[in-house]
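> below are the sequence and a predicted model for it; my questions follow.
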Amino acid sequence: METTYEDIRIDRPAPDVVRITLAREKQLNAYSMRMCRELLAALQAFDRDDSARVLLLTGAGRAFCAGGDISGGDPEHAQYMRLQLSHAREMRDGMQRVILELTRLDKPTVAVINGPAVAGGLALALACDFRIAAASARLGDTSGNFGLLPDEGGGWLFPRAMGFDRALKMTLLGELYDAATAERLGLVTETVDDAELPSRALALATAIAGRAPLAVRLAKGMMRRSLDLTLEQSQGDAALSVMIANPSADVREGVTAFREKRKPKFEGR
């Protein structure tokens, strides 16, 4: 992950944890086509890096992500706007690909919502497995205020997080919620005081990173797939995953550590 980026920053706050920070602070981290390309490259690099076990995704400054940049300052966006047919290509090549890449990852991901997560920014957060929000954060979908649509993936993600009626109401009325309300509606996993957000998110990430990597990734995959399966199909899928997990060195280490009354050292094999 040595690539130099302009619209995002990457660091490792812990040995097994990668943090991607959206870094268009003046634009409230509204995404551009360049940011989308950089996010895609960073996510693919994270996926390939076996030493990276958990991903944190956050925003610089006072926002998580304000959705797409409609300020007119993105020349690539202006180029796509010249032809009506190219609007779809911009979405497919941009944030839609990022959302898909995030949901395809078999490693756990945590959205660290430090401020507004709006429209496509909310979709980006919902594409992560967990969402830890600062108490002052605001979440919702204001795309309709501009005659736009929840087209980055929100049309699929919003109703699955909060139910069809609530999602439709949020989008049609352009509603924004405080973090506590968003948690009650199912958009947020956990709400914490602003000052505690970085440490709480990192604590969650490091706790997950300390678990058996094979089991973590297999469990996430099983639960993701089960959303589209019957119980019987899900049990069959689990039985296949067991053939990978149970004979692993991590399971032997976990059982040995239990018997020896010590903390296990999992290596992901």
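Arrived safely, thanks for sending.
> any idea of the pLDDT on the closest residue to D250 other than its chain neighbours?
Nearest non-adjacent residue to D250, counting by Cβ to Cβ, 6 or more residues apart in numbering: A212, 4.1 Å away. Yep, even glycine has a C-beta here, placed from its N, CA and C like the rest. Per-residue pLDDT puts A212 at 94.
> from here on, call the first residue 14.
New numbering, starting at 14: the last item is A225.
> roughly how far does A225 sit from N127?
Distance, A225 to N127, by Cβ to Cβ, to the nearest Å: 30 Å.
> of those two, which one has the most company?
Neighbour totals were compared for A225 and N127, and N127 leads with 25 against 21 (other Cβ atoms under 10 Å).
> so who does the more buried one touch?
Residues counted as contacts of N127 (Cβ atoms under 8 Å, 6 or more residues apart in numbering) are T71, G72, R75, A76, F77, A147, A150, D207, L210.
> please repeat the previous calculation with a cut-off of 7 Å.
T71, G72, F77, A147, A150, L210 (Cβ atoms under 7 Å, 6 or more residues apart in numbering).
> shouldn't the fifth one be in contact with V125?
No: taking Cβ atoms under 7 Å as the definition, A150 is not a contact partner of V125, at 9.9 Å.
> put the alpha carbons of the helix or strand V229 falls within into CSV.
For V229, the element it lies in under DSSP states H and E is helix 226-239. Output of helix 226-239 as CSV, limited to C-alpha atoms (Å, rounded to 0.1, in the frame of the first residue of the first chain):
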residue,chain,number,x,y,z
PRO,A,226,-8.6,-14.5,11.0
LEU,A,227,-10.0,-17.6,9.2
ALA,A,228,-13.0,-17.8,11.5
VAL,A,229,-13.6,-14.1,11.3
ARG,A,230,-13.6,-14.0,7.5
LEU,A,231,-15.6,-17.2,7.1
ALA,A,232,-18.2,-16.1,9.7
LYS,A,233,-18.7,-12.8,7.9
GLY,A,234,-19.1,-14.5,4.5
MET,A,235,-21.6,-17.0,6.0
MET,A,236,-23.7,-14.2,7.5
ARG,A,237,-23.6,-12.1,4.3
ARG,A,238,-24.7,-15.0,2.1
SER,A,239,-27.4,-16.1,4.6
